[in-house]
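>>> Model the following, please.
(one chain, ligands or ions: 1)
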Amino acid sequence: MAAIPNPRGRSGADRSAAGPASVSPSTAPQSTFQLRIVMPDTATLPTGSANMPNSGKGKRAGNVRRPGNTLPAPGPSFRRLEPTPELLGQLRAESQRLESATPEEIIAWGVENYAPYFTMATAFGPEGCVILLMLAKIAPETYTFNLETGYQFRETLELRDRIAEKFGIEVDLLEPELSVAEYELLHDGPLYQTNPDQCCFDRKIKPLERAAQVMHAWMSGIRRDQSPDRARAAIVGWDKKFGLVKISPLANWTKKDVWKRITDEGIPYNPLHDQGFPSIGCWPCTRAVAEGETDDRAGRWSGNKKNECGLHTVEQDGSGI
Ligand code: SF4
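Okay, here's the model as predicted:
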């Protein structure tokens with residue numbers, strides 16, 4: 001394989017910055033389930049404003065926070081990658097070559113070339129859970145994070161803990177500068193109601209930019225069959241928006257592939273998927289899909305032309321923006 005040279009090397013010291021070892025996922029029990037699409041259950045949908053920071057929608061039982069791994073602080077020799085013509089050419093060639101690779105091979109390639117400046121952002125969707133379990137086998141020391149906007153469903157945060165307990169991967173909860181209460185006070189109310197783009201920018205994009213400052217590559221669980229925009233996603237590309245190599249190991253997988261792996265390996269998943277939520281984001285901007293709605297993302301920012309939070313928009317050439 002004509003691997004892209006790792007510009008900062010992969011010293012033992014680099015790897016020693018790693019987190020805890022994982023429990024072997026081979027111990028995962030088998031489980032079976034049926035994904036049901038049901039009419040929206042208004043009982044599960046939020047009713048109050050997030051002005052009520054204790055409204056409970058995003059709070060875990062007992063409001064317990066487990067210590068996760070934390071955003072690494074690279075040494076003084078760390079330099080961010082520059083999108084030189086040479087690097088972009090190498091990424092294009094590798095992306096082409098990896099088209100026929102398995103997700104595990106793609107992840108291993110990312111680890112080989114970019115760890116420890118290699119990370120993964122996850123919202124704990126089915127794809128993210130599958131990748132986390134692959135990481136638990138390949139490189140459990142990888143720094144992984146969730147953009148904890150303060151508006152996530154309790155079930156999502158609990159899933160983070162279930163994954164940590166079962167597979168030993170502690171996903172960091174990367175938070176915005178302001179708490180929900182501070183943010184809503186600043187904007188005279190919940191901004192997701194009036195300006196969701198700004199809300200996503202402040203509570204998702206900015207924290208991701210913080211992580212990008214100390215990374216060379218990030219991995220996401222996007223699939224090409226999720227949306228026309230994502231259909232152009234490269235396996236490996238340059239993410240202009242965040243200045244990172246972006247790796248999408250499941251780009252060629254289908255939804256069926258993802259759920260088969262979840263079933264086969266007993267991977268924990270968000271119980272809201274069994275309640276009509278095929279795609280889950282923040283509770284104020286997510287609803288269950290109705291019967292007959294075939295677009296999995298129909299419940300995201302429903303009634304608004306917005307359909308992406310800005311993390312995974314893809315340019316015509318397949319690179320991220
Ligand atoms: Fe805000 Fe909604 Fe974006 Fe979450 S998804 S950050 S609540 S606008």
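
>>> which residue packs closest to F277, ignoring adjacent ones?
Nearest-residue entry for F277: A288, 5.2 Å, with adjacent residues in sequence omitted and distances by C-beta to C-beta, 6 or more residues apart in numbering. Every C-beta, even on glycine, is put in place using the N, C-alpha and C of the backbone.

>>> ok, now how distant is the one you found from the ligand?
16 Å (C-beta to the nearest ligand atom, to the nearest Å).

>>> so who does whatever residue of the stretch 201-321 of the chain ends up closest to the ligand touch?
Using C-beta to the nearest ligand atom, the single residue of the stretch 201-321 of the chain nearest to the ligand is C282, 3.0 Å away. The contact partners of C282, by C-beta atoms under 8 Å, 6 or more residues apart in numbering, come to T149, Y151, Q152, F153, Y192.

>>> these two touch, right, Y192 and P284?
Yes - applying C-beta atoms under 8 Å as the test, Y192 and P284 come out as touching, 4.7 Å apart.

>>> Up against the ligand, what does the chain have?
Counting by C-beta under 6 Å from any ligand atom, the residues of the chain close to the ligand are 149, 151, 192, 196, 199-200, 203-204, 281-282, 284-285, 309.

>>> which SS class is A136?
With DSSP: H, G, I helix; E, B strand; the rest coil as the basis, the three-state label of A136 is helix.

>>> got a pLDDT number for it?
pLDDT for A136: 95.

>>> quick one: low-confidence ranges for the protein?
Confidence mapping of the chain against pLDDT under 70 gives the ranges 1-68, 293-299, 301-303, 305-321.

>>> where along it do the helices fall?
Ranges of helices within the chain are 12-16, 85-98, 103-114, 126-138, 154-167, 180-186, 191-194, 196-200, 206-212, 255-265, based on DSSP state H.

>>> of all those, which lies closest to S220?
In terms of C-beta to C-beta, the element of the helices of the chain nearest to S220 is helix 126-138, at 8.1 Å.

>>> residues making contact with that closest one?
Helix 126-138 is contacted from outside by 22-25, 28, 103-104, 107-108, 111, 120, 122, 142, 144, 159, 163, 167-169, 171, 219, 221-223, 249-250, 253, 255, 258-259, 261-262, 265, 267-270, 273, using C-beta under 8 Å, 6+ apart.

>>> show me what contacts R203?
The contact partners of R203, by C-beta under 8 Å, 6+ apart, come to L147, T149, G150, Y151, P176, Y183.

>>> any idea which of the helices of the chain is most buried?
Stretch with highest mean neighbour count among the helices of the chain: helix 126-138 (a mean of 23; mean count of other C-beta atoms under 10 Å).

>>> quick check: angle from that helix to helix 103-114?
Interaxial angle, helix 126-138 versus helix 103-114 (axes from the mean of the first three to the mean of the last three C-alpha atoms, to 10 degrees): 60 degrees.

>>> how about the contacts of R203 in a markdown table, adding distance to R210?
Putting the contacts of R203 into a markdown table (distance: C-beta to C-beta, whole Å) gives the following:
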| residue | distance to R210 |
| --- | --- |
| L147 | 10 |
| T149 | 14 |
| G150 | 16 |
| Y151 | 18 |
| P176 | 9 |
| Y183 | 16 |
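
>>> farthest pair in those?
So, these by C-beta to C-beta: farthest apart are L147 and Y183, at 14.1 Å.

>>> Which residue lies nearest the spatial centre of this protein?
Central residue of the chain (C-alpha atoms, centre = their mean): T122, 1.9 Å from the mean position.

>>> check contacts around it.
By C-beta under 8 Å, 6+ apart, T122 lies in contact with G128, C129, I131, L132, T144, F145, N146, V171, S220, G221.

>>> hmm, 10 Å instead?
Applying C-beta atoms under 10 Å, 6 or more residues apart in numbering, we find T122 in contact with 128-129, 131-132, 135, 144-147, 159-160, 163, 169, 171, 219-221.

>>> related to what we said a few turns ago, make CSV from the helices of the chain and add distance to A231 to it.
Converted to CSV, the helices of the chain look like this (distance: least, C-beta to C-beta, whole Å):
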stretch, distance to A231
helix 12-16, 36
helix 85-98, 15
helix 103-114, 18
helix 126-138, 15
helix 154-167, 26
helix 180-186, 34
helix 191-194, 27
helix 196-200, 22
helix 206-212, 23
helix 255-265, 14
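
>>> Nearest to S77, out of these?
helix 12-16 (10.3 Å).

>>> My guess is P74 contacts A211. True?
No - the criterion here is C-beta atoms under 10 Å, and P74 misses it with A211 at 11.8 Å.
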